[in-house]
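Asks: Fold the following, please.
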Amino acid sequence: MLYPLFLTLHLFAALIFIGTVFFEVLFLESIRKQLPVKVMLLVEQGIGRRARTLVPWVLLVLFGAGAGMVWLRYLPTLATPLASSFGTLLMLKITVAVSVLLHFLAAMYLFRSDRMTARYLHFIHASLFCHMIVIVLLAKGMFYLAW
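Replies: Sure, this is the predicted structure:
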């Protein structure tokens, strides 16, 4: 009975996190060219404050529920991940997800140490955007690809 709960929490947290990254990359970058610099700075500061408050909790739920799903259902598969296409894709998905977590931790460190620059932020957002696409493709591929 816990697995459906973990799955639902994982999916909702993924929607929030992926939606946040996609919004920042696909919308904010194009809006930047249309708004005065001072207005855009205020918008970015407001979104940044909200994201730094909400996203850690979203990631906690995302990774916690993911770990719960692995523990309840996929641990035997991950014991020999190359034995099946599902296991291989799941291991790749987990590896990319760990990279996402490392990106987030690096960003939080840069913000807290006042070393975050626009260049770093742009790179992190673009990298996370690519990671999210890969994770979604791997998640779908786990159930539809076989070799």
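Asks: In this protein, where is pLDDT below threshold?
Replies: For the chain, applying pLDDT under 70 flags no range at all.
Asks: any idea how far the residue of it positioned farthest from its centre is from residue 66?
Replies: What lies farthest from the middle of the chain is residue 36; by C-alpha atoms, centre = their mean that is 29.8 Å. Going from residue 36 to residue 66 by C-beta to C-beta, to the nearest Å gives 41 Å. Placement of C-beta: from N, CA and C, glycine included.
Asks: Check residue 135 too.
Replies: Distance from residue 135 to residue 66, by C-beta to C-beta: 11 Å.
Asks: ditto for residue 85
Replies: Per C-beta to C-beta, residue 85 is found 19 Å from residue 66.
Asks: thinking residue 104 is in contact with residue 58, fair?
Replies: No - using C-beta atoms under 8 Å, residue 104 is not in contact with residue 58, being 10.1 Å away.
Asks: intersection of neighbour lists for residue 135 and residue 66?
Replies: residue 97 (C-beta atoms under 8 Å, 6 or more residues apart in numbering).
Asks: can you give me the helices for the chain?
Replies: 2-22, 29-32, 37-69, 75-79, 85-112, 118-144 (DSSP state H).
Asks: any chance of those helices in TSV, plus mean neighbour count?
Replies: Shown next, in TSV, are the helices of the chain (neighbours: other C-beta atoms under 10 Å):
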stretch	mean neighbour count
helix 2-22	16
helix 29-32	12
helix 37-69	14
helix 75-79	11
helix 85-112	16
helix 118-144	15
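Asks: what about stretch 22-32, start to end distance?
Replies: Terminal residues of stretch 22-32 lie 15 Å apart, using C-alpha to C-alpha, to the nearest Å.
Asks: So what touches that stretch?
Replies: 40, 43-44, 47, 51, 125-126, 128-129, 132.
Asks: can you pull the contacts of residue 89?
Replies: 138, 141-142, 145.
Asks: between these, which is closest to residue 110?
Replies: Residue 110 lies nearest to residue 138 out of those, by C-beta to C-beta, at 27.4 Å.
Asks: these two touch, right, residue 68 and residue 2?
Replies: Yes - judged on C-beta under 8 Å, residue 68 makes contact with residue 2 at a distance of 6.7 Å.
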